[in-house]
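[1] Attaching a predicted model along with its sequence, questions to come.
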Amino acid sequence: MARTEIPPGPAAVGQRSRRPGRRRRSYAPARATAGSGRLAALLISPTLLVLTVVVLCPTLMALRESLYGPEVLDARTGFFGDTEPFVRLKNYADIFGQGGGRFWNAFRNTTVFTVVTVGLETVAGTAMALIMHKAFRGRGLVRAAVLVPWAVPTAVCALLWRWILNSDGIANAVLGHQILWTAEGVQAKVAVIVVEVWKTAPFIGLLVLAGLQVIPQDVYEAARLDGASPLRQFWHITLPLVKPALLVAMLFRCLGALRMFDLPYILIGARKNSVETLSMLAQNEASNVRFGPAAAYAVLLFLYVFAVALAFVRLLGADLVGDTVPGTSARGRGKRTLSGRRERTS
Amino acid sequence: MWRGWLPFVPYAGVLAVVVYCLAPFYWMLVSSLRRASDLFDTSPLPSPVSLENYQAVLDPAQGFARALLNSLIVAGTTTVLALLLAMCTAYAMARLSFRFKRLILTLIIATSMFPVVSIVIPLLKLFTGIGWINTYQAMIVPSMSFALPLAVWNLTAFFRQMPEELEHAAMVDGCTRGQAFRKVIIPLAAPGILTTAIITFIAAWNEFLIAVSVTNKPQLQTAPVAVSKFVGAQTYETPFGSQMAAGVLITIPLVITVLLFQHRIVTGLAAGAAK
């Protein structure tokens, strides 16, 4: 899909300032809360209804569809009739049986892209954030520049890089090598990874920068007095304190990378083994009217995404809704982390 | 913590980041302004500057203007619909107390994580059945699946940031809750609503998978799909020049908007992570 991952939105802001408000409400005029349940139902139900129709129903339909085989072509009309055979779990059995080569290749590609790009983006993004944080002059410029890769549509981004990575393009001219970046092979994977990192590392940079800006200076002051080196300060103060921001950013990037579609599709092409992702595989099958297998791939991708999201929230403690207990204040956490106990949030 | 470093090092870093982010974009701009004959030049400035590629893109035969219009219709409608629904929901999330609130908000956010392809495949089959292939609604309806949660999430944060006292004051002065929302909250939240609109619009404008799946007629393709399907005059030759020009045309409105509102957008994107 288009790179439409939700930027870790500002859901959490104001959570802390809300708490006193809630306490106050108990003796606010009764009118402020009267009937708020009914009003809430009225205000929320349209959204829930739309999401049920556009997300929940299709997902259930995909689940059902994945139990049906490919339609049989009606020779008379040239169209596909209502003749999809019910095949139970055959589509899944095929994947885990002998016919699953293409699926497992796509699965491997998806996983490799996700792990490598998110890893590189995290490192590059954090470096960018540190640079932006230290820059006093030119901060506006750099912040504007960083938004450009984010705003370029992925489709355009892929075309642009196809031009740059063209065999007679600027990349080869600069490198002084003749690399066929967009031909099948390892170099195609590298090309996809390079472009993905270019496009999304600045995004992580922005989010980490926001995390950096709320770290109080006196923590560093204290660490300096205790004789901590800059590297130690980074490792034991900066990193643990931006960890919540970084985790949410990484979670969203992971989910974005897991459903990567348009970048390899345009940069390299459809049905290319070296870069075919699960989204591309499922879309390709569906566009060839093999809805059953396509739905099975989509369902497995969905489960994969769900498992990764769950792992982030459960194992790493990524907080999406922003309802953390205010007691675990950033500074308290930093000090504790400094003294060596690092596994707090799991 | 960087005290020992030479003072100019941060500026070198800034320069590196700016070059990293802008160089590819700059190359697209430069290439789009070259003549077809010197497209493969590697000079940093186009000489002579030529609008040949833009003329080729905007040639009615290419149908790119129509694609831009399609994109505008699809992304615009998606944004307006998503914002209307999200404003109500976000207000309830930020201001009202009711049971299962956290659960519902989590569910709404979770829907945005669904891989779009798992929504598109059954919908593609459904749309084929009811004759929605090559229609605007076939692109707008699935786009709500990511636009709506995005808008709800952003707006909830903006509404939460606004002091509750404002509304209470309005209600003490005799406003109903609805009036307080319309006359106090909405005007004050206008910057937040605008930011959310921009972020949602960019997401919808950049959408590719849905648009490429539910259309096969060139007249109904959105700009990102159209540009990916450009064919050159000569077969087997990718028309990089006109692709770059089209890329610039698709991107420039976004880049200008983003630069104009950069401060707000950065705040909007980052507030959640900052906590």
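    Received it, and whenever you're ready, just let me know what you need. Since the structure is predicted, the reported quantities are computational estimates derived from the model, not experimental observations.

[2] For chain B, just list every one of the helices.
    B:9-32, B:52-58, B:64-95, B:101-111, B:116-130, B:137-161, B:164-172, B:177-180, B:186-188, B:190-205, B:209-214, B:223-228, B:240-260, B:262-274 (DSSP state H).

[3] Rounded mean pLDDT for the second one, please.
    Think helix B:52-58. For helix B:52-58, the mean pLDDT works out to 86.

[4] hang on, the earlier thing: Serialize the helices of chain B to a markdown table and add fields for mean neighbour count.
    Every residue, glycine included, has its C-beta placed from N, CA and C. A markdown table is the format used below for these (neighbours: other Cβ atoms under 10 Å in any protein chain shown):
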| stretch | mean neighbour count |
| --- | --- |
| helix B:9-32 | 19 |
| helix B:52-58 | 19 |
| helix B:64-95 | 21 |
| helix B:101-111 | 17 |
| helix B:116-130 | 23 |
| helix B:137-161 | 26 |
| helix B:164-172 | 16 |
| helix B:177-180 | 16 |
| helix B:186-188 | 13 |
| helix B:190-205 | 22 |
| helix B:209-214 | 26 |
| helix B:223-228 | 26 |
| helix B:240-260 | 21 |
| helix B:262-274 | 22 |
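
[5] ok, B:Pro187 - contacts?
    Residues counted as contacts of B:Pro187 (Cβ atoms under 8 Å, 6 or more residues apart in numbering or on different chains): none.

[6] how near is it to A:Val194?
    Distance, B:Pro187 to A:Val194, by Cβ to Cβ, to the nearest Å: 46 Å.

[7] thinking again about what came up before, save the helices of chain B as JSON lines, and put in distance to A:Thr154 too.
    Output for those, formatted as JSON lines (distance: least, Cβ to Cβ, whole Å):
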{"stretch": "helix B:9-32", "distance to A:Thr154": "13"}
{"stretch": "helix B:52-58", "distance to A:Thr154": "19"}
{"stretch": "helix B:64-95", "distance to A:Thr154": "14"}
{"stretch": "helix B:101-111", "distance to A:Thr154": "21"}
{"stretch": "helix B:116-130", "distance to A:Thr154": "12"}
{"stretch": "helix B:137-161", "distance to A:Thr154": "13"}
{"stretch": "helix B:164-172", "distance to A:Thr154": "40"}
{"stretch": "helix B:177-180", "distance to A:Thr154": "40"}
{"stretch": "helix B:186-188", "distance to A:Thr154": "33"}
{"stretch": "helix B:190-205", "distance to A:Thr154": "11"}
{"stretch": "helix B:209-214", "distance to A:Thr154": "10"}
{"stretch": "helix B:223-228", "distance to A:Thr154": "8"}
{"stretch": "helix B:240-260", "distance to A:Thr154": "11"}
{"stretch": "helix B:262-274", "distance to A:Thr154": "17"}
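
[8] Compare these and say which comes out lowest on pLDDT.
    Among the helices of chain B, helix B:262-274 carries the lowest mean pLDDT (a mean of 67).

[9] OK, contacts around the nearest residue in space to A:Ala158 that is not next to it in sequence?
    Distances taken as Cβ to Cβ, 6 or more residues apart in numbering or on different chains place A:Ile266 nearest to A:Ala158, at 3.7 Å, with adjacent residues excluded. Residues in contact with A:Ile266 (Cβ under 8 Å, 6+ apart) are A:154-155, A:158-159, A:162, B:208, B:228.

[10] cool, B:Val14 as well?
    Here B:Val14 is in contact with A:131-132, A:135, A:138, A:141-142 (Cβ under 8 Å, 6+ apart).

[11] Perfect, I'm done here.
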